[in-house]
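**Q** build me a model:
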Amino acid sequence: MLVLPSSVRDAIVERAREGHPAEICGVLGGEYDPDGRSRVRSQYPAENVAEQPRTRYRIDPEEQLVIFERLEDRGEEIVGFYHSHPRGPPRPSATDEARATWPDRSYVIVSLEPFEIGSWRWRADRSDDRTDRDDDRFERERVVTE
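**A** Numbers count the residues shown, from 1 in each chain. As a prediction, this is how the structure comes out:
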């Protein structure tokens, strides 16, 4: 379950609308629980540096490190990430699945057409002898707005 304050949800939706037709992205900070209830306290917008920002998102690694340092300085953990799908679908795309790298973190997606906000946890097989990603997957998680 992901607890998402309405103020954070509203800020992300506003950014998604302002960023249209490109995807927007950022990092979610707060209290992280890999198997239960994570609580978002803040969102950290990032510039989308993808080559095709209308259909992809990418956070510059240096900017991501700066955001992670800000989170740590504020006593927060990395809860997950967010991005928008300006023209749907309201779920992770094949590209989102191929590029997901943070096991057990939440990936919030704001779809503008049709309008929907959803969250998924990236579940990755973390065994040492693993040679493929066949068992890796997104699991839909419940979003509770406060």
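**Q** now residue 59. Nearest residue, chain neighbours left out?
**A** Leaving aside its chain neighbours, residue 59 sits nearest to residue 46 (4.4 Å; criterion: C-beta to C-beta, 6 or more residues apart in numbering). Where you see a C-beta, it was placed from the backbone N, CA and C, and this is true even at glycine.
**Q** dump the residue contacts of that neighbour.
**A** Residue 46 makes contact with 25, 26, 27, 59, 60, 63, 64, 67, according to C-beta atoms under 8 Å, 6 or more residues apart in numbering.
**Q** specify the beta-bridge partners of it.
**A** Note on residue 46: beta-bridge partners residue 25, judged by DSSP bridges.
**Q** low-confidence stretches in this protein?
**A** Along the chain, segments meeting pLDDT under 70 span 125-135.
**Q** near residue 93, how many other residues are there?
**A** A count of nearby residues for residue 93, using other C-beta atoms under 10 Å, gives 14.
**Q** check contacts around it.
**A** By C-beta under 8 Å, 6+ apart, the residues touching residue 93 are residue 85.
**Q** next one: it from residue 121, what distance?
**A** Distance, residue 93 to residue 121, using C-beta to C-beta, to the nearest Å: 16 Å.
**Q** what helices and strands are in contact with the particular helix or strand that has residue 108 in it?
**A** Using DSSP states H and E, residue 108 sits in strand 106-112. Contacts defined by 3 or more C-beta pairs under 8 Å, 6 or more residues apart in numbering; DSSP states H and E place strand 106-112 against strand 2-4, helix 6-19, strand 77-85, strand 115-123.
**Q** coming back round to it: export the contacts of residue 46 to a markdown table and append columns for neighbour count.
**A** Below are the contacts of residue 46 laid out as a markdown table (neighbours: other C-beta atoms under 10 Å):
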| residue | neighbour count |
| --- | --- |
| 25 | 24 |
| 26 | 23 |
| 27 | 23 |
| 59 | 21 |
| 60 | 12 |
| 63 | 15 |
| 64 | 16 |
| 67 | 18 |
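**Q** which one of the residues you listed is nearest residue 106?
**A** Residue 106 has its nearest neighbour among those in residue 27, at 10.8 Å by C-beta to C-beta.
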